[in-house]
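In: Predicted structure and sequence below. I'll ask about it afterward.
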Amino acid sequence: MSELADFPCRLCGESGLSLYYTLGCDGRFKYYKCSNCTLVNYDLATGLDQTQYEVSHIDPRDDSLTFNRDRDQSFHALMRDVSPPGRLLDIGSGNGRLLHVARLAGWQVKGLELSASMAAFVRQELDIAVEVADFLETTPALEDAGSFDVVVLRHVLEHLPDPLITLEKISVLMKPDGYFLIEMPNIEAMTKRWSRFVVGAGLHKRHFDADFRAGHCNEYSKRSMRYLAEKTGFKVVRWETYSRKPLPNWFYNRVPIGNKARALLRRSGA
């Protein structure tokens, strides 16, 4: 019988979550899958390490850098469904590259960043407004409530413990017909499934540094993302997986088995 979690699912509240996989040298970092909504919940009681995801001060104007081209890809994917110009908020804006390319395309842009040094870097390099705040702990300014045509959350959602509060707070920021672009790991990617199988069957042993600690609170699939969207008043316009490399990206956009996923949501009343 599979080991069960002693906490409920953070998305749907279901109990009896089954152990899905573990991380760490001794398997102490445990992820449990909900049979109802399929969200994979990390046992937060064993601690998190978010410092491993800090961003370097990379020049946001350098078109040759892979780091920047990754942000360009996100913006171009967004433009397949959204008609510019409008007002865009990037939560976890990092080095500001996405804000930069959006502004060049005629958008009014604003960033929200947890790191004060990164926010200062973007303000200095690009003269773009970036607010320093913990998204889940802050209340939006009056001028921001209901004012954004697009909100972007790239590889941030999986680090936030409460997905319901996250989307409710984002909804407050959006116009009634606004779009919400989310990018995150795809927990049901083909390579991730294979890795869980060979490790579970004892055919392979993963190696971790002695000081390794887990960094993701929740892991999402297409089904859990649709559940989250419907529960918070959004509809899924598009779900796809993607790659930084052109040929795999073309394939993964059409066959959603890639490691990285992209979901475009829209307010349900739109």
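Out: That came through, no problem.

In: residues of the helix or strand harbouring Trp239 that come out buried?
Out: Element membership for Trp239, per DSSP states H and E: strand 234-242. Using 16 or more other CB atoms under 10 Å as the test for burial, strand 234-242 gives 234, 236-237, 239-242. Any C-beta I mention is one placed from the backbone N, CA and C, and that applies to glycine too.

In: Let me see the ranges of the strands in the protein.
Out: Using DSSP state E, the strands of the chain run over 18-23, 29-33, 40-42, 87-91, 108-113, 130-132, 148-154, 174-185, 218-219, 234-242, 260-267.

In: The fourth one: partners in the sheet, and parallel or antiparallel?
Out: The one in question is strand 87-91. strand 108-113 (parallel), strand 148-154 (parallel) (DSSP bridges).

In: Nearest approach to Ser268 belongs to which of those?
Out: strand 148-154 (15.3 Å; CB to CB).

In: The nearest residue to Arg206 once chain neighbours are set aside: what's it in contact with?
Out: Spatial nearest neighbour of Arg206, chain neighbours left out: Val199 (6.1 Å); criterion: CB to CB, 6 or more residues apart in numbering. Counting by CB atoms under 8 Å, 6 or more residues apart in numbering, Val199 touches 21, 205-206.

In: Using a markdown table, lay out the strands paired with strand 87-91 together with mean neighbour count.
Out: Below are the strands paired with strand 87-91 laid out as a markdown table (neighbours: other CB atoms under 10 Å):
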| stretch | mean neighbour count |
| --- | --- |
| strand 108-113 | 23 |
| strand 148-154 | 23 |
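
In: of all the ones you listed, which lies closest to Lys30?
Out: strand 148-154 (25.6 Å).

In: distance between the closest one and the chain's centre?
Out: 12 Å (CA atoms, centre = their mean, to the nearest Å).

In: Just the CA coordinates for that strand, please, in PDB.
Out: This file holds the C-alpha atoms of strand 148-154, laid out as PDB (Å, rounded to 0.1, in the frame of the first residue of the first chain):
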ATOM      1  CA  PHE A 148      -3.700  44.800 -16.700                       C
ATOM      2  CA  ASP A 149      -4.600  43.300 -20.000                       C
ATOM      3  CA  VAL A 150      -1.900  40.600 -19.500                       C
ATOM      4  CA  VAL A 151      -0.200  39.200 -16.400                       C
ATOM      5  CA  VAL A 152       2.800  36.900 -16.800                       C
ATOM      6  CA  LEU A 153       4.000  34.400 -14.300                       C
ATOM      7  CA  ARG A 154       7.100  32.500 -15.600                       C
END
